[in-house]
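Q: using only what follows, build the 3D model:
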Amino acid sequence: QGRQADPACCRRPARPPRTSARARRPDRSGARAAAPAPAADARRTRGSCLLGGLGRRGTSAAAMAALDMNSLGQYIRLEDHNQYQQLAEGTVSVLVSHSNLDQQWPEIRFDLHSTIGAIKDRLYRHGGTGAGFQKLLLKQNGQTLCELTPDDRMLGFFGVSSGMEIHIVDTDPYSFSKDGGLENVDLVEKYVMSEEDYERRENSLRAYKKKMREKDPYFTFLPENRREPKNKNPPGPESIEAFNIGDRCEIQPGSRRGTIAWKGANEGIGNGYWVGVHLDEPLGKGDGAIAKTGDRLFECPANHAAFVRPDKVTAGDFPE
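A: Got it, this is the predicted structure:
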């Protein structure tokens with residue numbers, strides 16, 4: 001007898017065509033790679049966010065910098081929605097603020113089974129306000145929801161959730177934190193030492209400077225500001241013995257002529273001995289007075305005075 005065809009419901013489903021092992025092997029180029037897993041996809045997304053703005057041709061440096069900062073911000077905020085998922089059951093993370101303080105304490109964790117009195121005792125360590133003077137307000141998005149009272153009730157009774165704010169109102173009229181008492185450093189009285197007390201100190205910088213100036217008149221604290229004295233051995237009194245007041249002379253540099261009007265030592269000019277000359281022409285500096293000390297050593301018109309070292313002076317019969 002002829003074989004009848006099987007009904008459609010009894011037919012075996014067609015087997016998909018078999019592929020060789022070479023065809024199943026992933027291509028080195030990655031063209032036949034399987035779709036990445038969700039975790040790998042997230043990691044790849046983070047990496048692409050960081051490197052998204054790099055290597056693009058035709059983009060200015062400023063635009064690339066802005067793109068990189070935007071990508072970095074997205075990477076940092078990628079897990080923000082999971083910040084409270086790692087908390088233990090029955091624990092909330094809230095922001096704590098104070099009525100007298102500018103500082104705030106974010107992400108303070110509390111157990112929902114803690115009483116309001118126990119929470120006040122803990123908040124005393126943050127704001128310094130005693131538990132008996134604390135009034136706690138529960139806030140969300142800047143709006144006050146309720147007052148956390150009485151003290152024997154548990155925190156969970158008020159429906160507190162993570163991200164809310166507990167605001168401490170300090171009711172103590174003598175609170176240390178009132179009017180910036182704990183934050184405004186301008187209210188702290190500073191110690192000011194008088195000039196007399198500082199002068200009597202032996203281990204001060206001023207005393208050390210005086211001690212070093214006795215050894216080196218050109219001493220300074222910064223080595224780069226020190227200069228070598230032009231004459232470490234300044235002329236002594238014997239260098240001016242040959243000069244007399246009123247003698248005609250010629251001084252260097254410039255072969256300037258004049259009359260000797262003063263000789264001696266003066267700290268306003270410098271260390272050692274000097275000769276003051278009244279010049280015939282206005283080729284000098286000053287009028288015979290020392291600007292540093294105000295001492296007047298001789299009288300002459302402006303710009304007719306010169307103070308020079310004795311070795312720069314030649315006395316003789318020089319005509320005017």
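Q: wait, what's in contact with the most centrally placed residue in the chain?
A: With distances taken as C-alpha atoms, centre = their mean, V185 lies nearest the centre of the chain, 18.0 Å away. By C-beta atoms under 8 Å, 6 or more residues apart in numbering, the contact list for V185 is empty. Heads up, the C-betas are built off the backbone N, CA and C, glycines and all.
Q: how far away is it from P319?
A: Noted for V185: a distance of 74 Å to P319, by C-beta to C-beta, to the nearest Å.
Q: do M212 as well
A: In terms of C-beta to C-beta, M212 sits 49 Å off from P319.
Q: of those two, who's got more company?
A: The residue with more neighbours, out of M212 and P319, is M212; 13 against 6, by other C-beta atoms under 10 Å.
Q: quick check, that one in contact with R206.
A: No. Proximity of M212 to R206 does not meet the contact threshold set by C-beta atoms under 8 Å, at 11.0 Å.
Q: so which bits of the longest helix along the chain are buried?
A: Taking DSSP state H as the criterion, the chain has its longest helix at helix 61-76. Using 16 or more other C-beta atoms under 10 Å as the test for burial, helix 61-76 gives 68, 71.
Q: relative to the helix or strand following that helix, what are the paired strands and their orientations?
A: Counting by DSSP states H and E, the element after helix 61-76 in chain order, helix or strand, is strand 91-98. If you go by DSSP bridges, strand 91-98 pairs up with strand 105-111 (antiparallel), strand 165-170 (parallel).
Q: wait, isn't H98 in contact with S177?
A: Yes. Between H98 and S177 there is a contact under C-beta under 8 Å: 7.1 Å.
Q: any shared contact partners between those two?
A: 127, 129, 170.
Q: now the residues you listed as CSV including pLDDT?
A: CSV is the format used below for these (pLDDT from 0 to 100):
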residue, pLDDT
G127, 89
T129, 92
D170, 95
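Q: which one among those gets closest to Q86?
A: Closest approach between the shared contacts of H98 and S177 and Q86, by C-beta to C-beta: G127, at 26.7 Å.
Q: what sits against the nearest residue to the closest one once chain neighbours are set aside?
A: Spatially, and ignoring its direct neighbours in sequence, G127 is nearest to H98 (4.4 Å; C-beta to C-beta, 6 or more residues apart in numbering). Residues near H98 by C-beta under 8 Å, 6+ apart: 104, 126-127, 129, 167-168, 170, 177.
Q: give me the buried entries from these.
A: For the contacts of H98, buried by 16+ other C-beta under 10 Å: 127, 129, 167-168, 170, 177.
Q: show me the two of the residues you listed that sit farthest apart.
A: Greatest spatial distance among the buried ones among the contacts of H98 (C-beta to C-beta): H167 and S177, at 14.0 Å.
Q: separation between the closest residue in space to A289 that isn't next to it in sequence and F307?
A: The shortest distance from A289 to any non-neighbouring residue, by C-beta to C-beta, 6+ apart, is to R296 (4.3 Å). Distance, R296 to F307, using C-beta to C-beta: 13 Å.
Q: pick out whichever of these two has more residues nearby.
A: When neighbours are counted by other C-beta under 10 Å, F307 comes out ahead of the other of R296 and F307, with 21 against 12.
Q: wait, is that one part of a strand?
A: Yes. The assignment for F307 (DSSP: H, G, I helix; E, B strand; the rest coil) places it in a strand.
Q: just checking, it touches Y273?
A: No. Using C-beta under 8 Å, F307 is not in contact with Y273, being 10.6 Å away.
Q: so where's the stretch 201-320 of the chain shaky on pLDDT?
A: Along the stretch 201-320 of the chain, segments meeting pLDDT under 70 span 223-232.
Q: where exactly do the strands run in it?
A: Per DSSP state E, counting those that start in this stretch, the stretch 201-320 of the chain carries strands over the ranges 248-251, 256-266, 270-279, 305-308, 313-315.
Q: and for the third one, what's in contact with it?
A: Same thing as strand 270-279. 217, 231, 234-237, 239-240, 243, 249, 251, 256-266, 284, 288, 297-298, 300, 304-310, 312-313.
Q: quick one, it and strand 256-266 angle?
A: For strand 270-279 against strand 256-266, the angle by axes from the mean of the first three to the mean of the last three C-alpha atoms, to 10 degrees is 150 degrees.
Q: chain center to strand 270-279: distance?
A: Distance of strand 270-279 from its chain centroid, counting by C-alpha atoms, centre = their mean, to the nearest Å, is 51 Å.
Q: again, but for the shortest one
A: If you compare the mean C-alpha spot of strand 313-315 with that of the full chain, they lie 60 Å apart, counting by C-alpha atoms, centre = their mean.
Q: mind giving me the packing neighbours of that strand?
A: When contacts are defined as 3 or more C-beta pairs under 8 Å, 6 or more residues apart in numbering; DSSP states H and E, strand 313-315 sits against strand 248-251.
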